[in-house]
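Chemist: pasted the sequence and its predicted model underneath.
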Amino acid sequence: MQKNDLTEYVTSFENNGYVLMENVITGDQLAALNDQLRSWIDDSRQHDSNFGEIMDGRPRFDVEPRTHSPEMPALRRISSPIEVSDSYLTVTRDNAALDLTAEIFGPNIKLVATKVNLKLPGSGTAVKYHQDFPFEPHSNDNVMTVLIFLDDVTPDNGPLEVVPGSHRGKIHTLWHDGVFTGAVDPEMEEGLRDASVSCTGKAGSACLMHSRLLHASLPNMTNVPRSLFIITYVAEDAIALSPNPIPHIYDGDIMRGRHTGRVRCTPYEMDLPEYPKEASFFGQQDKVKA
């Protein structure tokens with residue numbers, strides 16, 4: 001990657017809170033990730049509810065309860081795929097988006113969590129507006145969500161919708177009437193949607209998103225899947241202020257640079273999250289009143 005390209009990416013990220021990047025993984029890596037994903041989807045046909053287990057005992061594989069069936073699987077989340085797939089672990093440890101993250105927040109970067117979010121045809125899965133930071137607060141906000149496109153993402157198959165520049169605004173509460181819903185106040189939805197832009201691109205591309213950026217996505221309205229491999233990286237000197245919502249054996253591993261033994265704190269105020277009881281935040285967002 002040319003230095004000029006890096007500078008443009010960094011400037012765009014600082015201004016908008018996100019940046020789109022092509023070819024963050026190789027064609028062989030993309031094929032390996034999708035081969036593994038197809039195997040997991042086929043396995044889900046044998047289950048009528050969430051299955052598998054992560055470190056805290058919650059299910060690893062989360063299915064959409066209203067639409068999932070053997071004929072039309074609606075697997076919507078795989079938590080910590082790197083614990084059960086070498087292909088996903090290898091990509092987590094080395095990809096072009098990680099290089100850019102180190103350029104933006106670096107040079108020392110560690111891992112927080114990984115997951116796969118799926119929108120299979122007919123699943124009906126939607127994501128309400130939220131920021132990632134209230135799910136995973138740290139002593140500073142140098143937290144990056146990297147969303148690697150495992151399929152071509154189009155305007156119609158449920159792309160990520162982001163609100164440019166919102167990473168510089170307030171941290172919104174995800175608590176409403178004493179319930180942690182994992183979403184902002186529903187009354188904000190219409191205004192946020194009007195201000196949003198869609199993040200589309202070819203499989204193998206990625207969106208790098210600041211964890212304070214407001215974002216959402218609509219259901220997949222096509223007959224082709226839209227799947228994302230999502231990796232959360234963080235500056236090494238950012239210390240977690242609440243338990244990892246997706247605990248795993250690689251939590252805190254250094255991905256770039258080195259361990260410094262230092263902590264950096266920046267001022268902000270926010271409500272701490274509720275540790276999830278559900279298989280994923282989809283269950284938390286199901287609590288949002290329409």
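Modeler: All right, it came through fine. Computed from a predicted model, the values in this text were never measured in an experiment.

Chemist: helices of the stretch 1-150 of the chain, residue ranges please.
Modeler: 3-16, 27-44, 86-93, 96-105 (DSSP state H, counting those that start in this stretch).

Chemist: next one: residue 153, what pLDDT does it get?
Modeler: With respect to pLDDT, residue 153 has a value of 96.

Chemist: could you say which helix or strand contains the spatially most central residue of the chain?
Modeler: Centroid check for the chain by C-alpha atoms, centre = their mean gives residue 230 as the closest residue, at 4.2 Å. Under the criterion of DSSP states H and E, residue 230 resides in strand 226-235.

Chemist: partners of the helix or strand just after that strand, with directions?
Modeler: Once strand 226-235 ends, the next helix or strand along the chain (criterion: DSSP H and E) is strand 254-256. With DSSP bridges as the test, strand 254-256 is paired with strand 109-119 (antiparallel).

Chemist: quick one on the thing from earlier: mean pLDDT for the helices of the stretch 1-150 of the chain: which is lowest?
Modeler: Among these, helix 3-16 has the lowest mean pLDDT, at a mean of 87.

Chemist: how far off centre is that one?
Modeler: Centre-to-centre, helix 3-16 and its host chain are 21 Å apart (C-alpha atoms, centre = their mean, to the nearest Å).

Chemist: mind giving me the packing neighbours of it?
Modeler: strand 18-21, helix 96-105 (3 or more C-beta pairs under 8 Å, 6 or more residues apart in numbering; DSSP states H and E). C-beta: built from backbone N, CA, C; applies to glycine.

Chemist: which residues touch it?
Modeler: Helix 3-16 is contacted from outside by 19, 21, 100, 103, 104, 164, 165, 208, 210, using C-beta atoms under 8 Å, 6 or more residues apart in numbering.

Chemist: much appreciated, bye for now.
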